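J.: Requesting a structural model of the entry that follows:
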Amino acid sequence: MALSRIQIAIDKAVFVKSLRANEGGEGVFLTYGDILTFAAALGFQYKKRIPFEKASRRDPDPVLQEQFRDASIIGLLAFAETQNAKILSLDEESDQQRAKIFQEYANGGLEILQEQLRGSVNHGDQILLFLENLRENQNPDFEEFDLTRFL
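T.: So this is what the prediction gives:
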């Protein structure tokens, strides 16, 4: 069974591309998988899960789960959301549910990032400031999660 690809909402495609490092050194994250992982963790943190109707089909393409540094985050978020171990089954239906949950949290996280980065020139610095503020002001336990490893 081929694993479902993780899709990116078409309205976030340009923003996602701006976050990915290119040959000129622009961008914050090395891969689309890193961007989606960071965004999904952020969406989960804020309980912001946003479904979408239309996915980007090209540039960026849907991301293969095998291209994530650690694809287990997809299953972990799905389990945390459903509290049902069946979601971790290796059947096609469970895989599609996991992918849907993950991409909806990623979509929510991307919306948060768009708002936080609106008008900024240096996305990397702005993301670090956002994380520092989150750690200091909103959740003292947040420092246990080292999301900066995706920057």
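J.: Which parts of this protein are strands?
T.: With DSSP state E as the definition, the chain shows no strands.
J.: Any stretches of it with poor pLDDT?
T.: 23-25, 138-151 (pLDDT under 70).
J.: Output the longest helix belonging to this structure.
T.: Longest helix in the chain by number of residues (criterion: DSSP state H): helix 92-117.
J.: buried set for it?
T.: Using 16 or more other Cβ atoms under 10 Å as the test for burial, helix 92-117 gives 94-95, 97-114, 116-117. To be clear about C-beta, it is placed using only N, CA and C from the backbone, and glycine gets the same treatment.
J.: And for stretch 26-33?
T.: Neighbour-count burial for stretch 26-33 flags 28-29, 32-33 (criterion: 16+ other Cβ under 10 Å).
J.: got the CA coordinates for that stretch in PDB?
T.: Output in PDB follows, covering the C-alpha atoms of stretch 26-33 (Å, rounded to 0.1, in the frame of the first residue of the first chain):
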ATOM      1  CA  GLU A  26      16.100  32.600   0.800                       C
ATOM      2  CA  GLY A  27      13.600  30.800   2.900                       C
ATOM      3  CA  VAL A  28      13.600  29.300   6.400                       C
ATOM      4  CA  PHE A  29      13.000  25.500   6.000                       C
ATOM      5  CA  LEU A  30      14.900  23.000   4.000                       C
ATOM      6  CA  THR A  31      12.000  20.900   2.700                       C
ATOM      7  CA  TYR A  32       8.300  21.100   2.300                       C
ATOM      8  CA  GLY A  33       8.100  18.200   4.800                       C
END
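J.: And the contacts of that stretch?
T.: With contact meaning Cβ atoms under 8 Å, 6 or more residues apart in numbering, stretch 26-33 is reached by 6, 8, 16, 18-21, 35, 38, 60, 63, 67-69, 123-124, 127, 150-151.
J.: now the closest residue to His123 other than its chain neighbours: how far from Ala21?
T.: Once flanking residues are discounted, His123 sits nearest to Val28: 5.0 Å by Cβ to Cβ, 6 or more residues apart in numbering. Between Val28 and Ala21 the computed distance is 7 Å (Cβ to Cβ, to the nearest Å).
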